[in-house]
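Peer 1: I need the structure of the sequence given here:
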Amino acid sequence: MSDLFVNFLSNTGYFLADYRHVIMIVVGCIFVYLAVAKKYEPLLLIPIGFGIIVGNIPFFKGFGLGIYENNSVFHYLYFGVKTGLYPSIVFLGLGSMTDFSSLLARPKLMLLGAAAQMGIFFTLLGALALGFLPKEAASIAIIGGADGPTSIFLTAKLAPHLIGPIAIAAYSYMALIPVIQPPIMRLFTTRKERLIRMPDPREVSKKELLIFPIVATLLCCLLAPTALPLLGMLFFGNFLKVSGGVERLAQTARTSIIDTATILLGFTVGMSTQADVFLNGRSLGIFFLGAVAFSIATASGIIFAKIMNLFIKEKINPLLGASGVSAVPGSAREVHLMGQHEDPTNFLLMHAMACNSSGVIGSAIAAGVLWSFMMV
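Peer 2: Numbering: from 1, shown residues only. Below is the predicted model:
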């Protein structure tokens, strides 16, 4: 009887746990705390944080329990991450929620979304300098776009063994936008620049809204065909929204479909951070490079807006450059709040959303370009 009891105890997670599991479970609890108590992107951090907790409960290998074990339930759920299925579904829902009218009203703001992608290419060089292989460096660099689904999609294609740390880094920085971006915005702008008021955008016609997703699909996907799984779904979802004839489909895409994909994506990404796979020096390097990438992307957008102001009569508030990253709508909201802090009557949200939505497109194109280059 005592032998049976000893065998039972030796099979429990209490017996199998070591300090690495404890560290990761604490990290998961911190994510959940930030989501619940601080309201930092709860739709992202709650599934990821709880996934980290569940994924780091130790178990005997071979029981078909872990996310990396063939034929386990979690392994099948993880299939959507490894193949890029979940990111594509998220882009479908994102397209059905996005209003491109502010972007169409002021197309020049699209340049700020493109400028913010500089963080990707600077970080690519940095990752290569630190000894990461080219495909790994490209996967790390895409964190600079501040787009979790795009980061996961590209990493699944180029460096699937790094999905865990890259996804956690990308979503962490997306959630920490209220902490990371404001100091950079203040550093690179003067109060006079932050007070610049943007004129009300012109009214965009229904015809423009209908034509845009079709034209954008052709232009973007002909330029970077490897971005089709993301941008094809994004613009398809947007056409469902603006067409007016399939509201049921658009409603489903922006509610139940994207919610389901977000839950499964976040939870399985969190589970992929098993302590024996995740806790190593490379993961710390990825977190460092991700922070650098996101900071450079934010600064690049702001600096480019200041450069644009040298050549145009109607000045752009440089804060808008910070919303050129793909973190929708977090970075746009942060830009708006910063402008309101300086002048409560200055409303930058719609203009920031124009840059934000162009950043989504820009990061997906950048991912497609990197994928095509790395697969040659």
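Peer 1: now do the contacts for the residue lying closest to Ile53 once chain neighbours are set aside.
Peer 2: The spatially closest residue to Ile53, leaving aside those adjacent along the chain, is Gly28, at 3.9 Å (C-beta to C-beta, 6 or more residues apart in numbering). The C-beta positions use only the backbone N, C-alpha and C, and glycine is treated the same way. By C-beta atoms under 8 Å, 6 or more residues apart in numbering, the contact set of Gly28 is Gly49, Phe50, Gly51, Ile52, Ile53, Asn56, Gly270.
Peer 1: which parts of the helix or strand hosting the second one are buried?
Peer 2: To tie it back to what came earlier, the one meant is Phe50. Using DSSP states H and E, Phe50 sits in helix 42-55. For helix 42-55, burial by neighbour count (16 or more other C-beta atoms under 10 Å) applies to Pro42, Leu44, Leu45, Ile46, Pro47, Ile48, Gly49, Phe50, Gly51, Ile52, Ile53, Gly55.
Peer 1: for the closest residue to the fifth one other than its chain neighbours, give its distance to Gly80.
Peer 2: So the one you mean is Pro47. Nearest residue to Pro47, sequence neighbours excluded (C-beta to C-beta, 6+ apart): Gly266, at 2.9 Å. Per C-beta to C-beta, to the nearest Å, Gly266 is found 12 Å from Gly80.
Peer 1: what do you get for Val215?
Peer 2: Val215 is 30 Å from Gly80, by C-beta to C-beta.
Peer 1: those two: which is more packed in?
Peer 2: Gly80 (19 against 12; other C-beta atoms under 10 Å).
Peer 1: which residues outside the host helix or strand of Leu111 are in contact with it?
Peer 2: Leu111 belongs to helix 110-115 when assigned by DSSP H and E. Helix 110-115 is contacted by residues 103, 300-301, 303-305, 308, 316, 320-321, 323-324, 354-362 when judged by C-beta under 8 Å, 6+ apart.
Peer 1: ramachandran coordinates for Gly64?
Peer 2: Phi and psi for Gly64, reported as degrees, to the nearest 10, are phi 70, psi 40.
Peer 1: I'd say it and Tyr76 touch.
Peer 2: No. At 10.6 Å, Gly64 does not count as touching Tyr76 under the criterion of C-beta atoms under 8 Å.
Peer 1: tell me the mean pLDDT for the top helix by length along the chain?
Peer 2: Longest helix in the chain by number of residues (criterion: DSSP state H): helix 281-309. The average pLDDT within helix 281-309 is 89.
Peer 1: before we move on, what about stretch 338-354?
Peer 2: 91.
Peer 1: likewise stretch 260-278?
Peer 2: 89.
Peer 1: who's in contact with Ile286?
Peer 2: Applying C-beta under 8 Å, 6+ apart, we find Ile286 in contact with Ile140, Ile143, Leu162, Pro165, Ile166, Ala169.
Peer 1: ok, 6 Å please
Peer 2: Ile140, Pro165, Ile166, Ala169 (C-beta atoms under 6 Å, 6 or more residues apart in numbering).
Peer 1: what number of residues lie near the last one?
Peer 2: The burial metric for Ala169, expressed as a neighbour count using other C-beta under 10 Å, is 24.
Peer 1: give me the neighbour count for the nearest residue to it once chain neighbours are set aside.
Peer 2: When the adjacent residues along the chain are set aside, Ala169 lies closest to Gly290, with 3.7 Å between them (C-beta to C-beta, 6+ apart). Applying other C-beta under 10 Å, we find 26 residues neighbouring Gly290.
Peer 1: for the buried residues of helix 42-55, work out which two are farthest apart.
Peer 2: Farthest-apart pair in the buried residues of helix 42-55 is Pro42 and Gly55; separation 19.2 Å (C-beta to C-beta).
Peer 1: and Val242, how far from Tyr40?
Peer 2: Distance from Val242 to Tyr40, by C-beta to C-beta: 32 Å.
Peer 1: and for Leu240?
Peer 2: Leu240 is 30 Å from Tyr40, by C-beta to C-beta.
Peer 1: for ChimeraX, what selects the buried ones among the contacts of Ile286?
Peer 2: Per 16+ other C-beta under 10 Å, the buried members of those correspond to this ChimeraX selection:
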select :140,165,166,169
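Peer 1: okay, the contacts of Ile286 in JSON lines with pLDDT next?
Peer 2: Converted to JSON lines, the contacts of Ile286 look like this (pLDDT from 0 to 100):
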{"residue": "Ile140", "pLDDT": "89"}
{"residue": "Pro165", "pLDDT": "88"}
{"residue": "Ile166", "pLDDT": "89"}
{"residue": "Ala169", "pLDDT": "85"}
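Peer 1: mind putting the contacts of Ile286 in TSV, secondary structure and distance to Glu203 included?
Peer 2: Listed next are the contacts of Ile286 as TSV, based on DSSP: H, G, I helix; E, B strand; the rest coil; distance: C-beta to C-beta, whole Å:
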residue	secondary structure	distance to Glu203
Ile140	helix	42
Pro165	helix	45
Ile166	helix	41
Ala169	helix	40
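Peer 1: out of the contacts of Ile286, which is nearest to Thr123?
Peer 2: Ile140 (6.5 Å).
Peer 1: what sits closest to the closest one if chain neighbours are left out?
Peer 2: Closest residue to Ile140 apart from its sequence neighbours, by C-beta to C-beta, 6+ apart: Ala127 at 4.7 Å.
Peer 1: so which bits of stretch 97-112 are buried?
Peer 2: Buried residues in stretch 97-112 (16+ other C-beta under 10 Å): 97-106, 109-112.
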